[in-house]
Every structure is written in C-alpha cells, then in structure tokens.
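Student: build me a structure from this.
(one chain, ligands or ions: 1)
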Amino acid sequence: MTGIRRAAVIGAGFMGSMHAAILGRAPGCELAAIVDPNLDLARTVAARTSAAKTYASHEELLANEKLDLVSICTPDNLHLAPALAVAKQGVNLFIEKPIASTVEDARAIIAATEAAGVKLGVGYLLRFDPRYGRAKELIDEGKLGRPIHVYARRNSARTEGPKRYGGKLPLALHVTVHDVDLALWLLEGQEPVSVYAQQTDILLGKSGTQDSIAAIVRFSGGTVVNFESAWSLPSGTRHMIDARMEIIGEDGFVEVQCGDSGLHFADATRSQEIDTQHWPERGGAIGGDLREQLHAVLEWLDGADRPIASGRDALRSLELTLAMIRSAETGDVVRLG
Ligand SMILES: NC(=O)c1ccc[n+]([C@@H]2O[C@H](COP(=O)([O-])OP(=O)(O)OC[C@H]3O[C@@H](n4cnc5c(N)ncnc54)[C@H](O)[C@@H]3O)[C@@H](O)[C@H]2O)c1
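Tutor: Below is the predicted model:
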C-alpha cells in the first residue's frame, strides 16, 4: 500500500452507484466525490456511501479535487469527454466496459492516457470470477494443450437488459462483448481472423434492439469460438444469467458453469434467482466479481500485477464485437487484421 488513494466516480446510475458503494468501503481508498448531471441522484448515492462531495460535471470535479483514480460509469457513448479530461489532468482511469461505443473514441482515450502517462483499466469484471480465472490458468499451464474449440453462452430475460438498454445499445456490445473479452484473454497469443454472425429481432426489434446473436470466430492458431447471446428469455426463466463456457483442447476440456447462482427465492407470487456472482449485496455491502475487480484496481495502482483489461485489450474486444455486428447486418463473413 502506497497511501490512501483518492477516488471519484463519474455517472451515478446503475453501475456508478455500485462502484461508489465499493470504493467507499475499500481499504486504502477515500471516495472523494460523485458526479452526475442529475445532482439529486448523485446526492442520493453519496448519502449511501462515504462520498464527501457531489458535482454536476467532470469539469467541476477536476477543478476542485486532487485525485488518484476516476471511475467512469457514464453511458458508453459518453465515456470520451470525461476520459480525455481526466487523463489530461494526470489522473488514472477506470472505465466501465465497453471502453467506448466506437473505435475512434476508444483510440482517442488510449492515446490520451498514453500521452499523459496514466493507467487505464476497463471493467471486464468476469476476469475476476474465480471460475474463469482458474480456466485461464489451466490453459496457461498447458493442461488443455492447444485449444481447439470454445463455446460461450450468455442468455438472460427480456425483462432485464432490454428494459434498461433497449434502443440505446446493440445486444452484442452490451452482452456478447463480455465473452469476447474472455475469449481474447483465454486465447492469448492468437488473433481473430474472421467472423460470421447472424442476429434476430423478432421480439425486441420494436424496442430497438436484438433478441439474440450467434457468431463464429476463427482465430489465427486455428481455434474456433462459437458465441451465443440472447436477452429475450421469458420473464419466468429459471436463471438470472444463463452463462456457460466450454473449452475443448487437444489434451483436456474445461467447462465453466455460471448458469445457476446457487441461491433461489420463491413465495406465493415470485420465483427468482438471487445474484451471488456479479454484485451481490449483503449487510449493505456489495461483493462478487465487481468488488474483486475494483479492489484489484486499487492494488494495480500500487504496482501489483492484476488481470485488469487494459485499454488495448478493450479496443480488441470492441473491434471484434463491432465486426460481429457488421457481419450480422450484412450477412457477410468479415475478415479481420
Ligand atoms: N460490467 C457490467 O457488467 C456492466 C453492466 C451494466 C452496465 N455497464 C456499463 O456501465 C456504464 C454505465 O451503465 P449504467 O447501466 O450504469 O447506466 P445508467 O444509465 O444507469 O447510468 C449512467 C449515469 O451517467 C450519468 N451521466 C450521463 N452523462 C454524464 C456526464 N457527462 N457526466 C456524468 N454523468 C453522466 C447519467 O445521468 C446516469 O445517471 C455503461 O458503459 C454500461 O455499458 C457495465
């Protein structure tokens, strides 16, 4: 530990309120401020955390606070402006995934952090799920031999994601991108060379989003990855997120099963799975992969080696996901590289 880190969160919505709650309790961290143009929301989140101040804009934040870390939790298409300003001020950055909604914005953020010599991490929290983490170690230790085929599924109910992000974000950029980051991370050393995808909008097209996407990606080492994401399961579905990954190698096989959180509640009117994986709340504190990741960010600022997705990792996952969307929209195989 190299002293107390002063942090701020920009964007006090769904993710930002959880970042604030975690950073506000993290050892070695002082949550200095929360920023949102909706000041009432910022104040509500501040009241639930240890945040000292609230601001309506990143300009006000940066004019008034001396910081070590800013976490950006604005909508994807609004990451750029605060990220450039924070980097210019010489402050380290953590940005929720995907790094941005366009390759141009992502490149500009990376260039700004490199020019300023500050750290840039991106919120691919599944790297901090012990199951994916151990799968990565098994591959790196050579237990599987050369990876042959990967299957990655991430399906959820139509009452969740599309309600919040429908009309704002393509399914692939919100959901599949998590598995794209994992695949690129697990298959370190290989580059994606081609992608073919198909998507459907039978149910959710009227809400401005897709029901499902299926994509097949060939990698430079010969591995093929089969991605499947849907956020169109009926509301009564058994799982919160039915996620699974299978990796077949020359010498071994790994299966990661995240389809069941292991905690289920039912009464006369409801039957629901409760999160134990991503950001479970207990006694007012948030845990899970998100806390593991944000604590790792603080350690990484102190020089520890932690598997935080870098800006360049996030640019790769963005490029591959956008290529998937292009293939699904045109019906063509998209060649990469
Ligand atoms: N890691 C994950 O699994 C995960 C899950 C959900 C969302 N996300 C990502 O987190 C980010 C935020 O998503 P969300 O669901 O919290 O969105 P949200 O809409 O709930 O919150 C965004 C907040 O940003 C605020 N905002 C907008 N412009 C701003 C600005 N210029 N300065 C400061 N605040 C501003 C809005 O007022 C809003 O309160 C997105 O990039 C999203 O893709 C990641």
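
Student: neighbours of the residue in the stretch 201-337 of the chain positioned nearest to the ligand, how many?
Tutor: For the stretch 201-337 of the chain, the residue closest to the ligand is His278, as judged by CB to the nearest ligand atom, at 6.6 Å. To be clear about C-beta, it is placed using only N, CA and C from the backbone, and glycine gets the same treatment. Neighbour count for His278, taken as other CB atoms under 10 Å: 20.

Student: surely it touches Gly288?
Tutor: Yes - the criterion here is CB atoms under 8 Å, and His278 meets it with Gly288 at 5.1 Å.

Student: is it correct that Ser71 falls within a helix?
Tutor: No - per DSSP: H, G, I helix; E, B strand; the rest coil, Ser71 lies outside any helix segment and is strand.

Student: for Asp275, the count of nearby residues, please.
Tutor: 14.

Student: what average pLDDT does whatever helix or strand Leu320 lives in get?
Tutor: With elements delineated by DSSP states H and E, Leu320 resides in helix 311-330, which encompasses its position. Averaged across helix 311-330, the pLDDT comes to 98.

Student: and the next element down the chain from it?
Tutor: strand 334-335.

Student: what helices or strands is that following strand leaning on?
Tutor: strand 192-200, helix 311-330 (3 or more CB pairs under 8 Å, 6 or more residues apart in numbering; DSSP states H and E).

Student: the last one packs against which elements?
Tutor: This points to helix 311-330. So helix 311-330, by 3+ CB pairs under 8 Å, 6+ apart, packs with helix 103-116, strand 120-123, helix 177-186, strand 192-200, strand 212-219, strand 334-335.

Student: mind giving me the packing neighbours of the first one?
Tutor: This points to helix 103-116. Using 3+ CB pairs under 8 Å, 6+ apart: helix 103-116 touches helix 80-88, strand 92-96, strand 120-123, helix 311-330.

Student: identify whichever of the ones you listed lies nearest to Ile110.
Tutor: Across the helices and strands packed on helix 103-116, Ile110 has its closest neighbour in helix 311-330 (4.1 Å, CB to CB).

Student: now the helices and strands packed on helix 311-330 as TSV including distance to Ser271 and mean neighbour count?
Tutor: Output for the helices and strands packed on helix 311-330, formatted as TSV (distance: least, CB to CB, whole Å; neighbours: other CB atoms under 10 Å):
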stretch	distance to Ser271	mean neighbour count
helix 103-116	41	18
strand 120-123	31	26
helix 177-186	26	26
strand 192-200	27	19
strand 212-219	24	21
strand 334-335	41	16
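
Student: make JSON lines out of the ones you listed and add distance to Arg153.
Tutor: Below are the helices and strands packed on helix 311-330 laid out as JSON lines (distance: least, CB to CB, whole Å):
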{"stretch": "helix 103-116", "distance to Arg153": "26"}
{"stretch": "strand 120-123", "distance to Arg153": "21"}
{"stretch": "helix 177-186", "distance to Arg153": "8"}
{"stretch": "strand 192-200", "distance to Arg153": "15"}
{"stretch": "strand 212-219", "distance to Arg153": "10"}
{"stretch": "strand 334-335", "distance to Arg153": "22"}
